[in-house]
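Asks: Turn this into a structure:
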Amino acid sequence: MNIQYIRNCYGCGLCAIACPKRIINIELNNEGFYEPNITDITDCLDCGLCCEVCAYTHKELSLQCRTPKSYAAWSNDSIIRSECSSGGIGFELGRTLIGKGYHVCGVRYNTELARAEHYIATTIDELRPSIGSKYIQSYTINGFSSINRKQKYLVTGTPCQIDSFRRYIRKFHMEDNFLLMDFFVMVFHLC
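Replies: This next block holds a predicted model:
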């Protein structure tokens, strides 16, 4: 069992990270979205790891049977709030955790490659490029594959990326080193 026939998925890239043979590439499809592609199916071990970590192939959420907690917050720093698109809480959490020895796997916009991409920040200066919303699908492979399983991380991303990432860290029994943060957007008008 593998992801060779999966198309129009979330494009989170965890199948490529989990593959022990590293034969899965994440590529843009004709509509401009990331999806998996197996380079040589004869090299596939049929281990099924790619499907086990894939949120798209599961109907249930990885947090099923748990009561999720939701919080609303924003930065008290008016400069951070003005630079950030969503109140700056992601930056504030990252900054706080870097101060406690964590690394942050966040998203920045790479102007040279014209794409949003996950990357690792180990200092507050390295975290600054993550400020601001990108509103496009991010390329996760470089950031996720740079994670050292023995280091502590805050990993941020879309709900589908975080759901797959949670499946991945559970599969390899390394949940204790990770704080995961996804988001949702609520729009409302005050009268």
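Asks: Flag every buried residue along the longest helix along the chain.
Replies: Using DSSP state H, we find that the single longest helix of the chain is helix 159-171. For helix 159-171, the neighbour count (16 or more other C-beta atoms under 10 Å) marks 160-169 as buried. For glycine as for every other residue, the C-beta is placed from the backbone atoms N, C-alpha and C.
Asks: ok, the closest residue to residue 157 other than its chain neighbours - how many residues close by?
Replies: Spatially, and ignoring its direct neighbours in sequence, residue 157 is nearest to residue 182 (6.1 Å; C-beta to C-beta, 6 or more residues apart in numbering). Residue 182 has 15 neighbouring residues, counting by other C-beta atoms under 10 Å.
Asks: pretty sure residue 182 is touching residue 158, no?
Replies: Yes - counting by C-beta atoms under 8 Å, residue 182 touches residue 158, with 6.2 Å between them.
Asks: just to revisit the earlier point, and the longest helix of the chain, how far out from the chain middle?
Replies: Relative to the centre of its chain, helix 159-171 is centred 8 Å away, using C-alpha atoms, centre = their mean, to the nearest Å.
Asks: what's the answer for stretch 144-159, then?
Replies: The chain centre lies 8 Å from the centre of stretch 144-159; the measure is C-alpha atoms, centre = their mean.
Asks: what's the average pLDDT for that stretch?
Replies: Confidence over stretch 144-159, taken as the mean pLDDT, stands at 94.
Asks: tell me which helix or strand of this protein sits lowest on mean pLDDT?
Replies: Scoring the helices and strands of the chain by mean pLDDT, DSSP states H and E places helix 78-83 at the bottom, with a mean of 89.
Asks: What lies in contact with stretch 114-134?
Replies: 80, 83-86, 88, 90-91, 94-95, 98, 103-110, 136-140, 142-144, 146-147, 156-157 (C-beta atoms under 8 Å, 6 or more residues apart in numbering).
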